[in-house]
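Chemist: Starting from these lines, generate the structure:
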Amino acid sequence: NYVTAVPNAAKEVRKESDFLPRATVNYQITPDNIVYGLVSRGLKSGRLSNLNVIVNGQPDFVYATPETLDNFEIGSKNTFWEGRALLNVAIYRADVTDQQIVSTQDVLTSAGARLITAAFNIGESRVNGAELEVTVKAFDRWTFGLGLGYEDQEFTNGNPVVLQASTSNLFPGVTGAPVV
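Modeler: Below is the predicted model of the structure:
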């Protein structure tokens with residue numbers, strides 16, 4: 001049983017469609033203060049590798065299904081000091097399904113092992129975060145700004161992600177061990 005990776009000479013076509021809504025609600029507390037909430041869905045298209053893999057003489061294309069992101073955000077936009085100061089704050093959560101990762105995998109061919117690089121789906125993840133933006137026009141020609149963000153990310157599919165690699169440089173742990 002050999003698995004062979006060969007350049008994709010055939011015209012493989014995958015067609016998918018999705019509904020991508022976005023809804024926003026704003027409430028103006030005062031002329032200088034707005035609170036808002038939004039819900040949206042984003043999509044990273046499916047990815048077909050430029051290689052196909054031959055398993056027992058039958059083509060099996062390397063394909064990663066579309067990655068979907070559902071985003072939920074609430075925040076506030078505020079101006080002070082007669083419009084010379086701006087303070088925006090937001091907190092958000094993003095739920096990702098069918099998350100894609102590009103990885104290099106060992107594939108056994110009739111000529112021996114060969115590395116192929118392709119996109120694969122690795123499951124679900126969640127991102128919780130917050131952002132802060134401050135801008136102050138201190139003088140007529142001087143404006144100062146500061147932006148800060150924080151994210152807490154985790155895989156939520158319950159299965160550890162194992163990446164094949166010949167080294168664990170830049171990754172914690174041991175080569176071949178689960179990343180999460």
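
Chemist: Please make it C-alpha for all contacts and neighbour counts, starting now.
Modeler: Fine.

Chemist: and the nearest residue to A94 once chain neighbours are set aside, what is it in contact with?
Modeler: Spatial nearest neighbour of A94, excluding adjacent residues (CA to CA, 6 or more residues apart in numbering): N71 at 4.5 Å. For N71, the contacting residues are 38-42, 92-95, by CA atoms under 8 Å, 6 or more residues apart in numbering.

Chemist: One more pass at 10 Å, please.
Modeler: Under the criterion of CA atoms under 10 Å, 6 or more residues apart in numbering, the contact partners of N71 comprise 22, 38-42, 92-96, 127-128.

Chemist: Would you tell me which strand is longest in this protein?
Modeler: Of all the segments assigned as strand in the chain under DSSP state E, the longest by residue count is strand 112-139.

Chemist: Show me what it packs onto, helices and strands only.
Modeler: Based on contacts counted as 3 or more CA pairs under 10 Å, 6 or more residues apart in numbering; DSSP states H and E, the elements that strand 112-139 packs against are strand 3-7, strand 47-55, strand 58-64, strand 67-80, strand 85-109, strand 142-155.

Chemist: can you list these in TSV and add distance to F120?
Modeler: Converted to TSV, these look like this (distance: least, CA to CA, whole Å):
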stretch	distance to F120
strand 3-7	15
strand 47-55	8
strand 58-64	5
strand 67-80	10
strand 85-109	5
strand 142-155	15
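
Chemist: right, and these - which one's nearest V136?
Modeler: Judged by CA to CA, the one of these that comes nearest to V136 is strand 85-109, at 4.4 Å.
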